[in-house]
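# Build the 3D model from these lines:
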Amino acid sequence: MRTSSLPLPANVKRLKPYASARSLLKGDEWIFMDANESPSAPPFFRNNCSALNRYPDPTADKLRDAIAASYGVGRENIVIGNGSDELIDLSIRSFVRKGRRILSVAPTYGMYRVSAETNGAAYGTVPLGKNGDIKIRSFLRRTKNADLLFLCSPNNPTGTVIGLPAVKRVLDAFPGIVVVDEAYGEFADASNIPSAITLVHEGKKNLIVLRTFSKAFAAAGIRLGYGIAAQEIIETLLKMKSPYNVNSLTQEIGLRLWGDSDRMRCNVRTLVAERERLMRALGKLGCRAYPSVTNFFLIDLPKGNDAEETYMNLRNNNGIVLRLIEWQNKKMLRITVGTRRENDLLLSALTTLL
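Prediction:
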């Protein structure tokens with residue numbers, strides 16, 4: 001048995017993964033009579049999509065291969081998840097030992113805390129600097145007794161990036177697993193900001209990079225995400241996931257979307273242009289828009305305007321829903337970039353309110 005350097009709980013070390021029928025044998029050349037499936041698909045699906053009477057590929061290998069080829073890694077470096085939220089949960093269940101803890105920054109994506117608490121793991125945070133930067137020394141001092149770190153970059157809700165040199169310092173100093181969540185990574189790519197995926201290429205063994213189809217690919221409804229990491233990490237995550245975690249339709253749509261990445265990049269360019277237009281217009285209304293490389297940004301309202309009251313007015317009187325965020329001991333509004341028409345409606349409503 002291979003010795004692992006990963007921080008694996010005892011039950012994970014002992015675990016033998018469920019041997020699903022399709023993990024034992026795959027392909028279209030077989031007559032499958034081994035998994036208690038129906039032998040034929042519903043007629044209204046038969047000619048239009050995957051054979052829904054059959055279980056999906058448990059490891060989504062066609063999609064893994066397509067993603068791997070784009071990033072210059074192997075299939076063994078890719079795991080597919082039911083949204084990146086599943087991979088967040090899997091990382092905690094796989095690599096956080098009893099009595100150990102999880103660390104992240106604040107403010108950041110709320111599911112890190114929720115997933116930690118649902119798995120009975122302690123969760124702590126270190127405040128970001130006033131510009132949304134991570135204080136490396138302060139952060140590393142808090143990593144004692146931690147097995148897993150979450151770094152969201154670009155970060156939700158600040159829209160700021162944790163630079164690659166900072167990520168490298170954390171990886172080199174921390175013996176556990178570092179998850180860099182790049183849910184908005186394609187927006188950073190458009191600004192030529194280096195991705196942590198390059199560190200997987202460099203051989204970092206304690207790094208997981210997460211990405212999703214929910215944002216730039218405009219496919220939040222199919223719940224599809226992926227992780228990129230060293231082979232040993234991927235093997236552990238595959239062992240821990242449920243047998244058929246990503247359904248056939250999602251895999252098929254994911255492949256089509258990946259094959260049309262030019263459309264995704266066009267979507268990113270459109271959203272970035274609208275973000276910049278919206279931020280400029282809000283500035284003319286007296287708002288302070290915080291720099292962002294994502295499809296959202298934070299604003300401070302002009303003096304004398306209450307963020308919570310404005311949020312309620314927009315929601316109740318205009319049907320426009322933003323997000324209330326607390327950072328730096330004050331409440332702000334987080335605006336997700338919409339269509340040009342939606343953005344103009346927001347500007348019109350705020351012009352009346354402010």
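
# From here on, just use CA atoms for contacts and neighbour counts.
OK.

# show me where the stretch 251-354 of the chain has helices.
In the stretch 251-354 of the chain, helices defined by DSSP state H, counting those that start in this stretch lie at 261-284, 307-318, 340-353, listed in chain order.

# Mind picking out the helix or strand in the chain with the poorest mean pLDDT?
helix 21-24 (a mean of 54; mean pLDDT, DSSP states H and E).

# mind putting the helices of the stretch 251-354 of the chain in CSV, mean pLDDT and distance to residue 327 included?
Formatted as CSV, the helices of the stretch 251-354 of the chain follow (pLDDT from 0 to 100; distance: least, CA to CA, whole Å):
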stretch, mean pLDDT, distance to residue 327
helix 261-284, 94, 19
helix 307-318, 92, 12
helix 340-353, 93, 22
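
# Identify, out of these, the most deeply packed stretch.
Among these, helix 261-284 has the highest mean neighbour count (mean count of other CA atoms under 10 Å), at a mean of 17.

# could you redo the helices of the stretch 251-354 of the chain as TSV and give each row distance to residue 296?
Listed next are the helices of the stretch 251-354 of the chain as TSV, based on distance: least, CA to CA, whole Å:
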stretch	distance to residue 296
helix 261-284	7
helix 307-318	16
helix 340-353	12
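
# closest one to residue 128 among those?
helix 307-318 (21.3 Å; CA to CA).

# by contact count, what packs against the closest one?
strand 323-327, strand 330-336, helix 340-353 (3 or more CA pairs under 8 Å, 6 or more residues apart in numbering; DSSP states H and E).

# So residue 138: helix, strand or coil?
Here residue 138 is recorded as helix under DSSP: H, G, I helix; E, B strand; the rest coil.

# Name the nearest residue to it, sequence neighbours excluded.
Closest residue to residue 138 apart from its sequence neighbours, by CA to CA, 6 or more residues apart in numbering: residue 126 at 7.5 Å.

# Quick check: that neighbour is in a strand.
Yes. Assessed by three-state DSSP, residue 126 belongs to a strand.

# That one bridge partners, please.
Note on residue 126: beta-bridge partners by DSSP bridges are residue 105.

# quick one, what contacts it?
Counting by CA atoms under 8 Å, 6 or more residues apart in numbering, residue 126 touches 103-106, 138-139, 142.

# mind redoing it with 7 Å?
Neighbour list for residue 126: 104-106, 139 [criterion: CA atoms under 7 Å, 6 or more residues apart in numbering].

# In JSON lines: the residues you listed, plus neighbour count and pLDDT.
Below are the contacts of residue 126 laid out as JSON lines (neighbours: other CA atoms under 10 Å; pLDDT from 0 to 100):
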{"residue": "104", "neighbour count": "25", "pLDDT": "97"}
{"residue": "105", "neighbour count": "22", "pLDDT": "97"}
{"residue": "106", "neighbour count": "21", "pLDDT": "96"}
{"residue": "139", "neighbour count": "17", "pLDDT": "95"}
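
# quick one: which two of those residues are the most distant?
106 and 139 (11.0 Å).

# Leaving out sequence neighbours, find the closest residue to the residue most central in space within the chain.
The centroid of the chain falls nearest to residue 183 when counting by CA atoms, centre = their mean (3.6 Å). Nearest non-adjacent residue to residue 183, counting by CA to CA, 6+ apart: residue 211, 4.7 Å away.

# same question, residue 298
Spatial nearest neighbour of residue 298, chain neighbours left out: residue 334 (4.5 Å); criterion: CA to CA, 6+ apart.

# how much space between the one you found and residue 244?
Per CA to CA, to the nearest Å, residue 334 is found 36 Å from residue 244.
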